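Visitor: got a predicted structure plus its sequence, pasted below:
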Amino acid sequence: MRLGFVLSSLVTVLVIAYVIFSLYIPQQDLGGVEILGEELLLPLPRKITVVTVEEAILLRKSIREWRDAPITVEQLSMILWASQGVVEDVDGWLRRAAPSAGATYPLEVYVVIGEGGVSLGDGSYIEAGVYKYDYVRHSLKLIKRGDLRNDLWRATLRQDWVREAPVSLVICAVYERTTWRYGERGVRYVHIEVGHVGQNIYLMSTALGLGTVAIGAFHDDEVARIVDARRDERPLYVFPVGVPLRPHKTDFRELQELYSRLRR
Ligand SMILES: Cc1cc2nc3c(=O)[nH]c(=O)nc-3n(C[C@H](O)[C@H](O)[C@H](O)COP(=O)(O)O)c2cc1C
């Protein structure tokens, strides 16, 4: 009886001490990331590159060979923001990084993250899996766990740059969001919009010193199954992203020389 009382008091004291201690130990630095259950709040977008728009356009190139290295969570955050992130609150209506016909915003972004694909800056990595980008919260919501790059490689007609990239973005369209307003012409608008988003992904990746390539060749149903897309979401584009094996180098002097040759 007495021993029971002592033991339960001891456990209570230990629990209280643990709670107090955990309140005072410094938070692990996860590269500005906060993890709330199955949601990962991404570091907020900020001015991070020193590359001008004209330099990013000049340097943009489809990259298909990667170094065996992860990208950082901050780089992923910036690429997702450039794809569909919020840029302005206009009386409660959120304008996004890429234009959209009638601001109907038909696109959804999934991210397929490989094992060790995205570093958190403290030696740890985002858990491999499929995530969906929440543009309002600038966060990733876990859809399913596991490294699905092999499946995505098969679904994209075995293009090796998909299997070997640490991360791939999958852009899906909900056509009805645009066609209910514009009818059949809305289909055209959705396809134009995914091009805008794709270019933002290319330019932001380039400015960050990363590489990407637009992938249009894949089995739609298989890609949809891999990311657990909702029935009304159709995959349109896949963008593997990684650290280029050979960084692309050129400058405006080289370009001017090229033009003078072309004008001869
Ligand atoms: C709609 C579209 C679909 C594409 N699909 C693929 C693809 O499935 N696989 C691939 O390796 N590249 C793909 N590309 C990339 C093109 O091959 C590439 O943009 C082109 O060769 C020009 O090279 P650059 O992007 O380096 O300027 C695609 C590009 C576009 C615009």
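Guide: Great, that's in hand. Because the structure is predicted, anything quoted here is derived from the model rather than measured. Residues are numbered from 1 along each chain as shown.
Visitor: enumerate the residues of the stretch 1-150 of the chain near the ligand.
Guide: Residues of the stretch 1-150 of the chain that fall close to the ligand, judged by C-beta under 6 Å from any ligand atom: 61-62, 64. C-beta: built from backbone N, CA, C; applies to glycine.
Visitor: let's see 5 Å
Guide: Counting by C-beta under 5 Å from any ligand atom, the stretch 1-150 of the chain comes close to the ligand at 61-62.
Visitor: give me the below-cutoff pLDDT ranges for the chain.
Guide: 1-31 (pLDDT under 70).
Visitor: which one of the residues in it is closest to the ligand?
Guide: residue 216 (2.9 Å; C-beta to the nearest ligand atom).
Visitor: just to check, that residue is in contact with residue 239?
Guide: No - between residue 216 and residue 239 there is no contact under C-beta atoms under 8 Å: 10.5 Å.
Visitor: neighbour-wise, which of these two wins?
Guide: Neighbours around residue 216 and residue 239, counted as other C-beta atoms under 10 Å, are more numerous at residue 239. The numbers are 24 against 10.
Visitor: what's across from the more buried one in the sheet?
Guide: Legend: beta-bridge partners of residue 239 under DSSP bridges are residue 169.
Visitor: so who does it touch?
Guide: Counting by C-beta atoms under 8 Å, 6 or more residues apart in numbering, residue 239 makes contact with 168-171, 198, 201, 212-215.
Visitor: repeat that for residue 65.
Guide: Counting by C-beta under 8 Å, 6+ apart, the residues that residue 65 touches are 161, 164, 244-246.
Visitor: restricted to helices, list those.
Guide: Secondary structure from DSSP state H places 161, 164 of the contacts of residue 65 in helices.
Visitor: top of the contacts of residue 65 by number of neighbours, please.
Guide: residue 161 (20 neighbours).
Visitor: who are the neighbours in contact with it?
Guide: Here residue 161 is in contact with 63-66, 213, 240 (C-beta under 8 Å, 6+ apart).
Visitor: looking at the residues you listed, which are in helices?
Guide: Using DSSP H, none of these sit in helices.
Visitor: ranking those residues by neighbours, who comes first?
Guide: Counting by other C-beta under 10 Å, top hit in the contacts of residue 161: residue 240 with 29 neighbours.
Visitor: and the contacts of residue 239, which of them are in strands?
Guide: In this view, the contacts of residue 239 that belong to strands under DSSP state E are 168-171, 212.
Visitor: tell me the secondary structure of the residue nearest the centre of the chain, please.
Guide: Nearest residue to the geometric centre of the chain (C-alpha atoms, centre = their mean): residue 80, 4.2 Å. Secondary structure, DSSP: H, G, I helix; E, B strand; the rest coil: residue 80 is helix.
Visitor: skipping adjacent residues, who's closest to it in space?
Guide: Spatially, and ignoring its direct neighbours in sequence, residue 80 is nearest to residue 133 (5.1 Å; C-beta to C-beta, 6 or more residues apart in numbering).
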